[in-house]
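> Any chance you could fold what I've pasted below:
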Amino acid sequence: MDSTRQFVDKVQDTQRKAKNNKRRSGNGSQGEHLPGKQHSTNK
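Numbers count the residues shown, from 1 in each chain. Prediction:
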C-alpha cells in the first residue's frame with residue numbers, strides 16, 4: 001500500500017513538472033521567451 005502511494009505521488013509530481021515546463025516554454029511560440037546566447041566572443 002505504501003509503495004503504491006509513493007508511485008502515485010511520483011507520477012503526479014512528474015506530470016506537474018511537465019505541465020510547468022510546457023507553460024514556461026511558451027507552447028512553441030518563440031516570442032514569449034528570451035533567446036539563448038548562441039555565440040560568445042571571448043577576446
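> pLDDT below threshold where in this structure?
Applying pLDDT under 70 to the chain picks out residues 1, 23-36, 43.
> cutoff 50 now
Residue ranges of the chain with pLDDT under 50: none are present.
> all strands of it, in order?
Using DSSP state E, no strands are found in the chain.
> where along it do the helices fall?
2-24 (DSSP state H).
> how close does Thr4 sit to Asn21?
Shown here: Thr4 relative to Asn21, a distance of 26 Å by C-beta to C-beta, to the nearest Å. (Each C-beta comes from the backbone N, C-alpha and C, glycine too.)
> can you pull the contacts of Asp2?
If you count contacts by C-beta atoms under 8 Å, 6 or more residues apart in numbering, Asp2 has none.
> Any figure for the gap between it and Val8?
Per C-beta to C-beta, Asp2 is found 11 Å from Val8.
> Over to Lys19?
As judged by C-beta to C-beta, Lys19 and Val8 stand 16 Å apart.
> Thr41 now?
Using C-beta to C-beta, Thr41 is found at 50 Å from Val8.
> Give me the more crowded residue out of the two.
Using other C-beta atoms under 10 Å, the more surrounded residue of Thr41 and Val8 is Val8, with 10 against 4.
> Spit out the contact partners of the more buried one.
Shown in contact with Val8 (C-beta under 8 Å, 6+ apart): no residues.
> distance of it from Lys37?
Counting by C-beta to C-beta, the separation of Val8 from Lys37 is 40 Å.
> what do you get for Val11?
35 Å.
> More neighbours: the two, which one.
When neighbours are counted by other C-beta under 10 Å, Val11 and Lys37 differ, and Val11 comes out ahead with 10 against 6.
> Nice, that's everything, thank you.
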